[in-house]
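*Asks:* Can you look at this prediction? I've put the sequence above it.
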Amino acid sequence: MVTPKGQIRLPVQTGAEIVEVNFIVVDAYSPYTAIMARPWIHALEAVTSTLHQKVKYPSRGQVEELRGDQAMARKCEGLAEEIRCEGLDRIAVNDDPEKFFQVGSELPSQEKEELVGFLRENVDVFAWDAYDAPGVDPSFICHHLNVNPSSTPKKQPPRRPSKEHASAVRDEVAKLKRAGAIKEVFYPEWLANTVVVRKKTGKWRVCVDFTDLNKACPKDPFPLPRIDRLVDATVGHPRMSFLDAFQGYHQIPLAPDDQEKTAFMTPIGNYHYKVMPFGLKNAGSTYQRMMTRMFEPQLGKIIEIYIDDMVVKSKRVSEHVGDLGAIFAILRKHWLRLNASKCSFGVGFGKFLGYMVTHRGIEVSPDQIKAINSLQVPRNPKEVQKLTGMIAALNRFISRSADRCRPFYLLINKWKGFEWSEDCAQAFQQLKDYLSRPPIMSSPEADEVLFAYIAVASHAVSLVLIRDDNGMQRPVYYVSKSLHEAEVRYLPLEKAILAIVHATRKLPHYFQAHTVIVLTQFPLRAVLRSADYTGRIAMWSALLGAFDIKYMPRSSVKGQVLADLVAEFAEPFLETMTEKKALDEKSVGVISAVETRPWKVYVDGAANQRGSGVGIVIISPDGAAIEKSLRLGFSATNNEAEYEALLQGMMMVHRLGGTVIEAFSDSRLVVGQVMGELEARDIRMQEYLGQVKRLQTNFESFNLTHIPRSVNTHADSLATLATSSAHNLPRMILVEDLARASPISGNPARVHQIRKSHCWMDPIKNFLQSDVLPEEKLEADKIRRNAPRFWLSEDHQLYRRSYSGPYLLCVHPEESESLLEELHEGTCGSHTGGRSLAHRALTQGYWWPNMQREAQEYAKKCDQCQRFAPNIHQPGGVLNPLSNPWPFAQWGLDIVGPFPKAAGNKRYIIVGTDYFTKWVEAEPLANIRDVDAQKFIWKNIITRFGIPRTLISNNGLQFDSKSFRKYCHELGIINRYSTPAYPQGNGQVEAVNKVIVNGLKKRLDEAKGRWIEELPHVLWTYRTTPRRSTGETPFSLTYGAEAVLPIENNFPTLRSASFTPDGNDELLERNLDLAEERREKATIHMAYYHQKLRQGYDANVKLRPLGPGDLVMRKVLGSAKKPSWGKLGPNWEGPYRITSVAGIGAYYLEDLDEKAVPRPWNVNNLRRYYY
């Protein structure tokens, strides 16, 4: 609130025209020296246009024109900000110009003299160099690293600094040595590098990279204060002083045992710190702990502290010097010294924790606004992230920030590419325009009542907390939330509640300390306190019930700053009235109800041989739909069900706060009787009609209209939902039970005897109570023998005597399932296994026969337990090795990579393996397309070994495209594919891939891009090495003889030593004649190898017998997991239905909507679904 100092009448010259205007003089901040308002416009007889930024006025028989200048306006604002921030005078301490205090320039002379005198008297509290700061007593505070004993000390490799950086490090070391903060160290176990960065002033800052040391230190859980609370507590004080310690971290000693761990390397030696350095993991927590201990009695009263940021505040100007004296006494006691050049004393405003704190409120830091205004249009996602990060720091000041910045968030989430659209450009400019006039946030007083307005959009919800300041509503905090995919589908009413829930989580300190009144036209109070709702609304109701929140209708919005939060969402029965009153020549809009829109209620009842049901559809005045289906737990005729539907709908609207109802029913009898057109002759109908008439008195207006059944299909579907399947029901439907008929005056009491069915407890109860036994002798002996284990209480409850605890209540078979449900998945349930579930029931004091078996069956059928069950590592089917009786008839194909980029931008290898000879062909590729696979098959397989009969590969697009299939079909090649997520289906080529990758790893050192040159060596080694499955080398099975290796040139073998051309030809021909025998021998060896392999594999198999029609769950693969789930996502998805068997251990699937799943799935990725 600004109080005028008075008024003055001055002549104002505009061009050639001079008029006298009254000005009101105020002492307040403004970018301009005078603001020309309507009196000047009227006196000049001018016409203004804000659209064209022009003022036209008559002058000497013609029209003159004034034009706006935005550049000059911004210059004035910038100059005003600079002047506003320049509010400090330097006061010399003595003759040394480097020693000075900074005192508020706007202080009255007497107060300034008193403050300067006080500072000069306490000059010992300040330090101008390291010698003046003795440091805090180690017995009061000392920093400990608490390094994990199991962590291995690390020495970082030395970096090569530039000459400038090396010089800066030398200067810093010299300064720290003079101050006694460091000491030279020899043979340190931990050693870190220095990091040099440039400050804003242009000087160099030298830091130490303690990354490795910080990883070995546990996090200090000492709580840091909330920045919001500190800033709010500082606002409103007319006199403040901002303090800064002289190298505060270096005034805290470091524990002697930890000093050598902080060793760092420099060009002139290795040193370690003796004091707490910057960059340590828990340095901030240690500093906050020290300040909390020091100023505990004064915290929150005359000083606020966040680590090394301190502000001394005074409610009265006259008390400020005394408050500083109390703080200085504590600083002197603990030897903590201040940096005078960074302290400011006796000011009315200043920057604290990134905010401008004044006696008027909390304002945005000019530096932050200047940073955003100076931003150019982002050119890549990284610059957009920078923009959103800057916006996040200003969220408190930006109304509906999630709405304003939605184009930026969408741009970050796009994966197709960066595109700065027109929406982004418009949002960017609007953000700058908004921040050119940022609101001043207010701080609430203790126990003050706060108000809240809600804004609901399609993809975001927002809320603003405001306080009433002498009739003016001032914002306290803006909160906004972008809605997730599921939240976008919420009803508007649910979104409004979500906005409040989000605000309580974001700002719990406001909701816990203040009564908050939510101003809204929605019946939130009735909804949150109604017992008719379950699910998230019930959960939100319990959450909000912990706070003192009240709900009132919104009547008025004052203050232009709240203009964009006037509407929660489209409310056609509200309108903004014209000027209601004027305040400081600004119109204040008043929102009032000019028309009460009705609540529309569609009702229907249904009764058939399977039961009775009621369907209700309520449309609120704002268009929100509420559906409800009730199963009638009593016998009712169709007309009675129609009346029940109408009564329940009327009661629901009454609880929701509705006063005007338009009801619709397709029952001519009910409509005719209620509207007086038909007579109610039946006694039951008369009773229902009387109840409707009594409920009508709760409403200002009530009308019931008959509509055809074809128009009332929605309510009709809800009514029949209890006994039939209604399709295409929208959104969520609340299905509850109506146990009793609606209360009707004069209705005779009807008593129904309810008893449970016969169970195992009845014979035991009869024996214990009346000594009655069954007629069958064996059954009677069994009951007589077991009866001593039970006890019958006075209220006829049967208990079983327990060996390990108190008596156990016997549970009826009809109640055991509901009890297991509550223990397994209820409020205190955690989906334990069947055995644990049975033990928990015993622990809670319940017992019934076969409870462990039933608990195991229940847990086995739990949907959540099946979805989050651990992965099954034990094979579910026997091994089926692939064999081929002839060379080069069956090949396996696969892609290996990506590798580091090599020559030709090649990153992948396509590998082909013959299933008989184990011969391998491989070729590097830059791209993995179907065209490249076709070229490989032609060049490396067909032209060298002929057309194969079968190609086995995975389901990659390069092998499973129309083009590739057509190519193979034309050549007569059969394509076979392994099942998804089961690489063992093409195990031969997978094994070769492993050999290739391991061979390349071992042959490469640092030059990883040379893998192409090493690939032929790895392939040659594989081809000339005997394979365990065949007992022969792939080379010998392919060419009929062993290859000549380079080693035979240096160490001749018998073959190379006795080589003759004629003899060599003869030996080759003989080997070719015996090649068939060698291959037959390899075939036998391979069969034996497969048999042994199958025996070893099948020994660990636990068969999962599945067949067509069975329901199964499918393992969730990495590509199907949502990134937001993290480790909390399900392991299995489904259920799916098996349609047919694709092969040994593979099945074709379809979902429950009979939509086929592409490609068969292996049994190892499936598990049976129990229901």
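*Replies:* Structure's in. What do you need?

*Asks:* Would you state the helices of the stretch 601-750 of the chain in chain order?
*Replies:* All helices of the stretch 601-750 of the chain, identified by DSSP state H, counting those that start in this stretch, fall at 638-655, 668-674, 683-696, 713-719.

*Asks:* next one: the stretch 151-300 of the chain
*Replies:* 163-179, 211-215, 227-234, 283-294.

*Asks:* Throw those into a markdown table and include mean pLDDT and distance to residue 682, thanks.
*Replies:* Where C-beta positions appear, they are placed from N, C-alpha and C, glycine not excepted. What follows is the helices of the stretch 151-300 of the chain, written out as a markdown table (pLDDT from 0 to 100; distance: least, CB to CB, whole Å):
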| stretch | mean pLDDT | distance to residue 682 |
| --- | --- | --- |
| helix 163-179 | 89 | 99 |
| helix 211-215 | 91 | 83 |
| helix 227-234 | 84 | 66 |
| helix 283-294 | 92 | 78 |
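
*Asks:* how does the chain divide into domains?
*Replies:* 4-77, 88-359, 360-440, 442-568, 599-717, 761-776+783-866, 891-1024, 1110-1168 (the TED database).

*Asks:* Of these, which is nearest residue 1077?
*Replies:* Closest to residue 1077 of the domains of the chain, according to CB to CB: domain 891-1024, at 14.9 Å.

*Asks:* ok so, going back, tabulate the domains of the chain (a markdown table), appending distance to residue 1084.
*Replies:* Output for these, formatted as a markdown table (distance: least, CB to CB, whole Å):
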| stretch | distance to residue 1084 |
| --- | --- |
| domain 4-77 | 91 |
| domain 88-359 | 54 |
| domain 360-440 | 54 |
| domain 442-568 | 60 |
| domain 599-717 | 70 |
| domain 761-776+783-866 | 46 |
| domain 891-1024 | 13 |
| domain 1110-1168 | 23 |
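
*Asks:* would a markdown table of those domains with mean neighbour count and distance to residue 1077 be doable?
*Replies:* A markdown table is the format used below for those (neighbours: other CB atoms under 10 Å; distance: least, CB to CB, whole Å):
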| stretch | mean neighbour count | distance to residue 1077 |
| --- | --- | --- |
| domain 4-77 | 12 | 95 |
| domain 88-359 | 17 | 60 |
| domain 360-440 | 16 | 59 |
| domain 442-568 | 18 | 67 |
| domain 599-717 | 19 | 78 |
| domain 761-776+783-866 | 15 | 56 |
| domain 891-1024 | 17 | 15 |
| domain 1110-1168 | 16 | 32 |
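
*Asks:* how about the ones you listed, which one is nearest residue 1087?
*Replies:* So among the domains of the chain, domain 891-1024 is nearest, using CB to CB, at 11.9 Å.

*Asks:* thinking again about what came up before, and the helices of the stretch 151-300 of the chain: which comes nearest residue 424?
*Replies:* helix 227-234 (30.0 Å).

*Asks:* looking at this, residue 539 is in a helix?
*Replies:* Yes. Counting by DSSP: H, G, I helix; E, B strand; the rest coil, one finds residue 539 located in a helix.

*Asks:* Could I get the contacting residues of it?
*Replies:* Taking CB atoms under 8 Å, 6 or more residues apart in numbering, we find residue 539 in contact with no residue.

*Asks:* What of residue 216?
*Replies:* 147-148, 151.

*Asks:* And residue 22, by the same measure?
*Replies:* Residue 22 touches 7-9, 39, counting by CB under 8 Å, 6+ apart.

*Asks:* Now flag whichever of the residues you listed is closest to residue 161.
*Replies:* When the contacts of residue 22 are compared against residue 161 (criterion: CB to CB), the nearest one is residue 8, at 64.7 Å.

*Asks:* distance of that closest one from residue 22?
*Replies:* 7 Å (CB to CB, to the nearest Å).

*Asks:* One more: residue 193?
*Replies:* Taken as CB to CB, the span from residue 193 to residue 22 is 69 Å.

*Asks:* for residue 678, same thing?
*Replies:* 75 Å.

*Asks:* Next: residue 861.
*Replies:* From residue 861 over to residue 22 (counting by CB to CB), the distance is 85 Å.

*Asks:* Mind putting the helices of the stretch 151-300 of the chain into CSV with distance to residue 448?
*Replies:* Formatted as CSV, these follow (distance: least, CB to CB, whole Å):
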stretch, distance to residue 448
helix 163-179, 49
helix 211-215, 43
helix 227-234, 11
helix 283-294, 27
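
*Asks:* and residue 798, which of these is closest to it?
*Replies:* Residue 798 sits nearest to helix 227-234 of all the helices of the stretch 151-300 of the chain, at 57.9 Å, using CB to CB.

*Asks:* for that closest one, packing partners?
*Replies:* Applying 3 or more CB pairs under 8 Å, 6 or more residues apart in numbering; DSSP states H and E, one finds that helix 227-234 contacts strand 303-306, strand 309-314, strand 349-352, strand 355-358.

*Asks:* Go ahead and name everything in contact with it.
*Replies:* 240, 300, 304-306, 311, 313, 352-355, 357, 362, 396, 443-444, 477, 507, 509.

*Asks:* Run the angle between it and strand 309-314 for me.
*Replies:* 30 degrees (axes from the mean of the first three to the mean of the last three CA atoms, to 10 degrees).

*Asks:* tell me which residues in the helix ranked longest in the chain are buried?
*Replies:* The residue-count maximum for a helix in the chain (DSSP state H) belongs to helix 1075-1098. Buried residues in helix 1075-1098, counting neighbours by 16 or more other CB atoms under 10 Å, are found at 1075, 1078-1079, 1082-1083, 1085-1086, 1089-1090.

*Asks:* How far away from the center of its chain is that helix?
*Replies:* Mean C-alpha position of helix 1075-1098 versus that of the full chain (CA atoms, centre = their mean, to the nearest Å) differs by 55 Å.

*Asks:* Just the C-alpha atoms of the very next helix or strand once past that helix, please, in PDB.
*Replies:* Downstream of helix 1075-1098, the next assigned helix or strand under DSSP states H and E is strand 1111-1115. Output in PDB follows, covering the C-alpha atoms of strand 1111-1115 (Å, rounded to 0.1, in the frame of the first residue of the first chain):
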ATOM      1  CA  LEU A1111      -3.900 -68.200 -20.900                       C
ATOM      2  CA  VAL A1112      -0.300 -67.100 -20.400                       C
ATOM      3  CA  MET A1113       1.700 -64.100 -19.400                       C
ATOM      4  CA  ARG A1114       4.500 -62.800 -21.600                       C
ATOM      5  CA  LYS A1115       7.800 -61.500 -20.300                       C
END
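
*Asks:* What strands line up against whichever helix or strand comes after strand 1111-1115, and which way round?
*Replies:* Next helix or strand after strand 1111-1115 toward the C-terminus (DSSP H and E): strand 1132-1143. Strand 1132-1143 has the following strand partners under DSSP bridges: strand 1111-1115 (antiparallel), strand 1146-1151 (antiparallel).

*Asks:* who's in contact with the first one?
*Replies:* For strand 1111-1115, the surrounding residues in contact (CB under 8 Å, 6+ apart) are 866-867, 871, 981, 1106, 1131-1138, 1147, 1149, 1161, 1165-1169, 1171.

*Asks:* now stretch 360-375
*Replies:* 81, 84-85, 231-232, 235-236, 351, 354-357, 387, 390-391, 393-394, 396-397, 431-432, 435-436, 438, 440-443, 474.

*Asks:* for stretch 788-805, same thing?
*Replies:* In contact with stretch 788-805 (CB under 8 Å, 6+ apart) are residues 761, 764-765, 768-769, 807-810, 842-843, 845, 847.

*Asks:* any idea of the mean pLDDT in it?
*Replies:* Average pLDDT, stretch 788-805: 81.

*Asks:* What's the end-to-end length of it?
*Replies:* Stretch 788-805 has an end-to-end distance of 17 Å (criterion: CA to CA, to the nearest Å).

*Asks:* how far is it from where the chain is centred?
*Replies:* Counting by CA atoms, centre = their mean, stretch 788-805 is centred 51 Å from the centre of its parent chain.
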